[in-house]
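*Asks:* this one's structure only:
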């Protein structure tokens, strides 16, 4: 089973052929192994969030669960996070440091030929004149390529922290250039945010402040751009600017984010329903302003989303869904911090790179999520989920104890040397004749 996860990990370098999604297969093949085991604390909010999404889908549109387009677009949460559960069902004893270093080298090297071709055709700075001529690697969308390369950048940093190497440092720089050429500004922001996080000591207060700023900032931008005369439930936004990058910002600020906020206001507790953001909802029955029940729905499985994971979760799953999601990442980062510390102090650095990657890539994802729907995108999340899966399945290597020699000379302890002899106790007084 472990080979399935490794196979999927090495195929995360592309989504042209989405074979990297096979990381969920151990769930189908070995589901009975879930019972009778203990799990890290982050599994609880992840399980609760998965159940909430499943129930929300059954109530909103149960037929979606039988459609391929649902898992490819609206329901790619299941593809992205299923490998984490799969990691509870198998075991391995591989050296994760060597495995992730090999994957990092492979992922960067395999991108060198297309990147060299891109530089020959376009040049390094052409993206500032022609934003559409950006580097896409082996991905369909530029944001997908940027998100993957940002996560790969985090992996390189984790490998370098585990073992200093000029080769790894050079590959990190090359990965950074590839990321720059994607012109995915959210991905660049996420990768750059990792550096001050590491510099200031990876404190929990910094992480809490970062999440709070991202969430408050997203809500503030959405509220600022809400227009009272626009029907965000039915009106379709039209792009006016011919510059693709500026148009992408316009459609976020002026249409997608206010629409997500409108959904959230209709049903703030549990949202309008999982996968509902891109649908046409003609009627909503409100109960006390806390719960909205949509009706007269036209379901569409498309790539349209809020371009902000926090707002998208608030729109579809409400406060409950977003709280469970943030609780998962909060506990996951704490688990990886403890794992890296334990590895460095007690286990001779075993799995250190994997634990550190989980920590800093989670921070990168949380930052990127404020600019795009990153927290469910397989191109962004699968590499993290598969590493978590392999960490959960990792077992320490047992070293067999050497058998003692049969004829070895046994040295007696000091208190047995020249011990005085005493007469046997008889119970009689022999000193009186």
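*Replies:* Arrived safely, thanks for sending. As the structure is a prediction and not an experimental result, all values here were calculated from the model.

*Asks:* Surely residue 59 and residue 273 touch.
*Replies:* Yes. Contact criterion Cβ atoms under 8 Å: residue 59 and residue 273 qualify, at 6.7 Å. In short, each C-beta sits where N, CA and C put it, glycine included.

*Asks:* Next, count neighbours for residue 338.
*Replies:* Residue 338 has 13 neighbouring residues, counting by other Cβ atoms under 10 Å.

*Asks:* going on from the helix or strand where it lies, what's the next piece of helix or strand?
*Replies:* Element membership for residue 338 (DSSP states H and E) is helix 309-346. The helix or strand immediately downstream of helix 309-346 is helix 352-368, counting by DSSP H and E.

*Asks:* coming back round to it: residue 59 and residue 273: who's more crowded?
*Replies:* Each of residue 59 and residue 273 has its neighbours counted (other Cβ under 10 Å); residue 273 has more, 26 against 13.

*Asks:* and the more buried one, that's in a strand?
*Replies:* No. Residue 273: not assigned to a strand; according to DSSP: H, G, I helix; E, B strand; the rest coil it is coil.

*Asks:* Provide a list of residues in contact with it.
*Replies:* Going by Cβ atoms under 8 Å, 6 or more residues apart in numbering, residue 273 touches 56, 57, 59, 60, 61, 294, 316.

*Asks:* Pretty sure the fifth one sits against residue 298.
*Replies:* No. Under the criterion of Cβ under 8 Å, residue 61 lies out of contact with residue 298, with a separation of 10.5 Å.

*Asks:* the more surrounded of the two?
*Replies:* A side-by-side neighbour count of residue 61 and residue 298, using other Cβ under 10 Å, places residue 61 first with 21 against 8.

*Asks:* Could you check how far that one is from residue 273?
*Replies:* Distance, residue 61 to residue 273, by Cβ to Cβ, to the nearest Å: 7 Å.

*Asks:* Please enumerate residues in contact with the host helix or strand of residue 178?
*Replies:* Element membership of residue 178 [criterion: DSSP H and E] is helix 166-182. If you take Cβ under 8 Å, 6+ apart as the criterion, helix 166-182 is touched by 101, 104-105, 108, 111-112, 115, 118-119, 124, 127, 134-137, 142-143, 145-146, 149-150, 152-153, 156-157, 159-160, 187-188, 191.

*Asks:* Generate a PyMOL selection restricted to the buried entries among the contacts of residue 273.
*Replies:* Only the buried entries of these go into this PyMOL selection, using 16 or more other Cβ atoms under 10 Å:
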select buried, resi 56+57+60+61+294+316
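
*Asks:* ok, and the closest non-adjacent residue to residue 101?
*Replies:* residue 159 (4.9 Å; Cβ to Cβ, 6 or more residues apart in numbering).

*Asks:* Show the contacting residues for the one you found.
*Replies:* 97, 100, 101, 104, 165, 168, 353, 357.
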